[in-house]
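S.K.: sequence unknown, structure follows:
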């Protein structure tokens, strides 16, 4: 039970602060944070302007990768917020700073918890004594993780009242939620709620709405309802429901916690009823041993690997472990290749699970607690999300890719929170011009938009791509699974038309993917590293992009610029085989590129391609560029074409066909400013 919740003599439940406990305000002035941590300063909400609070605190900052190598929450809490650092790299939060500060409330600005779905982020707060989290808004996966841990989420106005000594009725904190989420909070978290549900003390009725046109997300969830018994049910945003899960997966960064929580909750002999529907992957930490700054954590990393193997043996879930040091590939890429199908509802312990939406499936990431619950029961609780639709028209020009499109969406819509906690639905005639791999890129980076997920309409390209990869399936069977939105479906985020032909090559400047601008407005930015890979950019079509640029360069006597290292890492074994069959390895070798077997690697700071000093500059095709994400250096995000062209030029440049020919003129620069 949350210790801030008290039952009065009249039976009413109220929330009030604990005498002697403190409130931590995460302000943009780090000196103020340090003064609070050292007990030299205590602030009140009436003294702090919301504009002075930190926005976009990402989960990498709350629990950097090296903190996540610990699987027990009490150990994770020791280094809470270790990724919040000064410009010189010095930590703002020393070891045990949050734990020893006597805080029970933490306050920040907009979009709290962006980035990775790692549940370690709210865990580091809860196990440090934080029971009330205040922010202007929350990233959806992070918010759900808070709620599943039984943490109350509140407003600035509520905090001001609490600091005056007021007791606030609990329903003021929970009324905005559906009945099930309220029950989860009142029970103290997801596991206590699940026990009540199993005992029949809590019910989740099937929604009873009048027939209505539905979005793709609504239609998929409606088809999976627990207790619907084959009835056609109409869903609308906000409906609470229990939904059967078609499949899911975890990886060695998260599986240990899932195993730990299941043992704690259900005992050492717990069982998973449908192991064939779930999988484990060894992809995230495969190359961590080769990264100098990860050397001190070798023992903890090995423990995570060992615990994942123990979990796999115990449960019998599908095994995608590395063999002879080579991984089958990144979980999201292999999943879309092998088992994510149209109409599926997939859950996994990683924020980029939404990549499966390119297959016309509904997929999103969850925390370890939620995943442990659903893998044990086969179903999960869902509050039906709102949707926002992007109607694509036209066709991308040769120098642009889907990465430029999603960077445009980030800078135009996500920054205004139009995409926040909504399913991003992609359709229109322009979608048909994008390959399946490019559609996967759009859906993959829905999480960077703080969206719930991304999903693409299905078409002939979807059917043909899946037919090649689903042995025993017929075209008719694949098409029968397609999900399309109903005419007249309501999009709470609106319908937005984007003409693909008008897009320019984009780049996101260091710090956050939403800091997007036209590449030509960047000026001369010399680079040290060009990284081409990750789930976002290690697919077959991405390899086509790299090969196009590098073949063009080699044909004109060019190769990777002196002083620059370019890395290409495959997203899966299938992608590696694809590249070999097309002769790309010879092109890469002649261009001076270093090629790496499948895995996550540099994207999570655990493999070749990471920066080693803060002075180094990287141009990368990965999905997020938070401080420290891929080493201490400056990290720019761009498309596969721009990354490869920049490697040849030695500075950030967009690719243009013929740019390496003798006498070719550089593209004109223009002042567009930061589109954010």
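M.R.: Alright, I've got the coordinates. Owing to the predicted nature of the structure, the values given are computational and were not obtained by experimental measurement. Numbering: from 1, shown residues only.

S.K.: Please enumerate residues in contact with the helix ranked longest in the chain?
M.R.: If each helix of the chain is counted by residues according to DSSP state H, the longest one is helix 298-315. If you take CB atoms under 8 Å, 6 or more residues apart in numbering as the criterion, helix 298-315 is touched by 69-71, 250-253, 255-256, 258-260, 271-272, 275, 278, 280, 282, 285, 288-289, 294, 317, 319, 321, 375. The C-beta positions use only the backbone N, C-alpha and C, and glycine is treated the same way.

S.K.: Emit the PyMOL select command for whichever of those residues are buried.
M.R.: A single PyMOL command suffices to select whichever of those are buried according to 16 or more other CB atoms under 10 Å:
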select buried, resi 69+70+71+250+251+252+253+255+256+258+259+260+272+278+280+282+285+288+294+317+321+375
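
S.K.: ok, back up a step: mind listing what's buried along the longest helix of the chain?
M.R.: Here helix 298-315 shows 300, 301, 304, 305, 307, 308, 309, 311, 312, 314, 315 as buried, counting by 16+ other CB under 10 Å.

S.K.: Out of the residues you listed, which comes closest to residue 634?
M.R.: Comparing these against residue 634 with CB to CB picks out residue 301 as the nearest, at 26.4 Å.

S.K.: Over to the nearest residue to residue 491 once chain neighbours are set aside. Which of the three states is it?
M.R.: Leaving out its chain neighbours, the residue that sits closest to residue 491 by CB to CB, 6 or more residues apart in numbering is residue 389, at 4.7 Å. Using DSSP: H, G, I helix; E, B strand; the rest coil as the criterion, the local structure at residue 389 reads strand.

S.K.: give me the beta-bridge partners of residue 389?
M.R.: Here residue 389 sits in beta bridges with residue 425, residue 495, as judged by DSSP bridges.

S.K.: Number of residues surrounding it?
M.R.: 22 (other CB atoms under 10 Å).

S.K.: Would you confirm that it contacts residue 497?
M.R.: No: here residue 389 does not reach residue 497: they are 9.5 Å apart, not a contact under CB atoms under 8 Å.

S.K.: rewinding a little: how much space between the residue nearest to residue 491 and residue 493?
M.R.: 8 Å (CB to CB, to the nearest Å).

S.K.: now do residue 27
M.R.: Looking at residue 27 against residue 493, where the rule is CB to CB, the gap reads 31 Å.

S.K.: Show the contacting residues for the residue nearest to residue 286 when sequence neighbours are not counted.
M.R.: Once its chain neighbours are removed from consideration, residue 286 has its nearest residue in residue 599; the separation is 4.4 Å (CB to CB, 6+ apart). Shown here is residue 599, whose contacts under the criterion CB under 8 Å, 6+ apart are 283, 284, 286, 287, 327, 329, 330, 569, 607.

S.K.: tell me the contacts of the third one?
M.R.: Each residue near residue 286 by CB under 8 Å, 6+ apart is listed here: 322, 325, 327, 599, 600, 601, 606, 607.

S.K.: Likewise for the second one?
M.R.: Residue 284 makes contact with 251, 252, 253, 599, 600, 604, 606 under the criterion CB under 8 Å, 6+ apart.

S.K.: ok, of those, which one's closest to residue 49?
M.R.: Comparing these against residue 49 with CB to CB places residue 604 closest, at 35.3 Å.

S.K.: Relative to residue 91, how far out is the closest one?
M.R.: Residue 604 sits 20 Å away from residue 91 when distances are taken as CB to CB.

S.K.: The two: which is more packed in?
M.R.: Using other CB under 10 Å, the more surrounded residue of residue 604 and residue 91 is residue 604, with 24 against 15.

S.K.: Quick check: that one vs residue 498, distance?
M.R.: The span separating residue 604 from residue 498 equals 30 Å under the rule CB to CB.

S.K.: what residues are up against the nearest residue to residue 629 once chain neighbours are set aside?
M.R.: Closest residue to residue 629 apart from its sequence neighbours, by CB to CB, 6+ apart: residue 60 at 5.8 Å. The neighbours of residue 60, taking CB under 8 Å, 6+ apart as the test, are 83, 115, 116, 624, 626, 627, 628, 629.

S.K.: Show me what residue 617 is bridged to.
M.R.: Beta-bridge pairing of residue 617, defined through DSSP bridges, involves residue 634.

S.K.: In contact with it, which residues?
M.R.: By CB under 8 Å, 6+ apart, the contact list for residue 617 reads 525, 526, 527, 528, 529, 611, 633, 634, 636.

S.K.: Tell me if the residue nearest to residue 629 really is in a strand.
M.R.: No: counting by three-state DSSP, residue 60 is located in no strand; its state is helix.

S.K.: Low-confidence ranges, the stretch 101-250 of the chain, go.
M.R.: Of all residues in the stretch 101-250 of the chain, none has pLDDT under 70.

S.K.: pLDDT at the closest residue to residue 465 other than its chain neighbours, what is it?
M.R.: What sits nearest to residue 465 in space, not counting adjacent residues and going by CB to CB, 6+ apart, is residue 436, at 4.4 Å. Taken from the predicted model, the pLDDT recorded for residue 436 is 98.

S.K.: Residue 436 reaches residue 459, doesn't it?
M.R.: No: look at residue 436 against residue 459 with CB under 8 Å: they stay out of range, at 9.9 Å.

S.K.: if you count what's nearby, which of these two comes out ahead?
M.R.: Under the criterion of other CB under 10 Å, the comparison of residue 436 against residue 459 puts residue 436 first, with 20 against 17.
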